[in-house]
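Participant: The sequence and its predicted three-dimensional model are supplied below.
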Amino acid sequence: MAAVTRIQIRWRSAVLVVVGICIAAVILRIAFFSAKPADVDPQAAVTSTVDLPESTLGVDSPSNEAISTASPHALDEFLQAAYKARDALKGVQDYSAVFDKREQVGRKLVATKMNLKVRVEPFSVYLKFVEPKAVAGRQVVYVKGSNSNNLLVQESGYKSILGIQPLQPTGSLAMADNRYPVTMIGLQKMLDLVIAQWEADRMQSDVSTRIEADAKLATGETCTVYESIVPTPRDKVQFHITRLWIDQQTHLAVRVEQLGFPQTGESSAPVLEDYTYSNIRTNVGLSDVDFDAKKAFQP
């Protein structure tokens with residue numbers, strides 16, 4: 001009996017030892033894995049530990065559409081008014097008017113008044129000079145594609161004995177005292193030049209604008225004046241002040257004033273160009289006869 005008891009005691013001791021060893025092994029394993037760093041995705045670790053700015057992450061960055069959209073500009077309203085004035089010309093096939101121009105040619109300001117007729121297609125021009133007195137009575141005809149694309153000129157007074165003279169529109173005689181050739185005359189071409197200028201000036205961030213309502217031409221037409229100002233001289237900008245006059249009744253652009261930048265010691269901006277079309281009558285039915293030098297030129 002005593003022997004059996006001793007065997008049981010030994011067996012129980014052995015079991016306890018084995019259990020103790022197992023428990024110790026479990027504890028050691030737990031301790032080992034607690035101390036080892038967990039496996040992580042390296043890329044996940046970077047993004048979780050680096051504080052990137054929102055713009056880099058693309059949270060609030062502008063879209064491509066927003067980048068390509070032009071920002072509002074002071075000239076936008078002016079361009080819209082000019083585009084509408086251009087639309088008003090779409091139904092005009094011909095017109096007569098009094099054309100006053102002042103231009104700085106060289107160092108002098110040349111002023112001229114003419115009676116004008118214009119046909120849109122084919123582009124045709126008739127001019128009869130009224131002022132200054134030295135050229136009063138001179139008549140000019142130009143028809144695109146005719147007369148070898150020359151001007152036909154009839155002088156007045158004693159010079160009339162020379163008869164009808166063909167002149168190249170951009171030749172030195174035709175361009176004397178003129179900034180632009182006769183081929184550039186007319187409401188459409190005047191307006192197109194201003195539109196192109198304002199579209200270019202729109203790249204300038206410091207352009208200021210002013211609108212004057214109910215301004216009147218000397219002949220009584222009521223206009224809205226759109227004035228733009230480029231404050232300082234710079235490359236590719238020719239004019240300091242531009243004024244476009246739009247007739248409130250006909251919606252036609254009837255006058256353009258272009259002032260240069262004041263020179264050193266000058267307080268006012270010099271007039272470089274000033275073109276006015278008044279007493280305009282549209283779609284009067286002009287025909288080839290109105291632009292035939294032999295028939296149109298009056299004594």
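Facilitator: Structure's in. What do you need? Keep in mind that this is a model prediction, so the values were computed, not measured.
Participant: From now on I want contacts and neighbour counts done on CA atoms only, so please keep to that.
Facilitator: Noted.
Participant: residues near the residue nearest to residue 168 when sequence neighbours are not counted, how many?
Facilitator: Nearest residue to residue 168, sequence neighbours excluded (CA to CA, 6 or more residues apart in numbering): residue 150, at 5.0 Å. By other CA atoms under 10 Å, the residues close to residue 150 number 20.
Participant: Just the pLDDT for residue 150.
Facilitator: Per-residue confidence at residue 150 stands at 97 (pLDDT).
Participant: Please apply the same query to the one 10 residues further on.
Facilitator: Among the per-residue scores, residue 160 shows a pLDDT of 90.
Participant: show me what contacts it?
Facilitator: Contacts of residue 160 were listed using CA atoms under 8 Å, 6 or more residues apart in numbering, and they are residue 154.
Participant: would you say it is within a strand?
Facilitator: No: counting by DSSP: H, G, I helix; E, B strand; the rest coil, residue 160 is not found in a strand; it is helix.
Participant: I'd like the distance between it and residue 185.
Facilitator: 24 Å (CA to CA, to the nearest Å).
Participant: Looks to me like residue 214 is in a helix.
Facilitator: No: if the criterion is three-state DSSP, then residue 214 is strand and not within a helix.
Participant: can you tell me which residues contact it?
Facilitator: Counted by CA under 8 Å, 6+ apart, residue 214 has contacts 222, 223, 224.
Participant: quick one on the thing from earlier: and the residue nearest to residue 168, what are its phi and psi?
Facilitator: The phi/psi pair for residue 150 (degrees, to the nearest 10) reads phi -100, psi 160.
Participant: In this structure it contacts residue 167, no?
Facilitator: Yes: between residue 150 and residue 167 there is a contact under CA atoms under 8 Å: 5.4 Å.
Participant: Give me the most central residue, the chain.
Facilitator: Centroid-nearest residue in the chain: residue 199, 1.2 Å away (criterion: CA atoms, centre = their mean).
Participant: tell me, how many neighbours does the closest residue to that one other than its chain neighbours end up with?
Facilitator: Spatially, and ignoring its direct neighbours in sequence, residue 199 is nearest to residue 79 (7.6 Å; CA to CA, 6+ apart). The tally of other residues near residue 79 (other CA under 10 Å) stands at 18.
Participant: All set, thanks.
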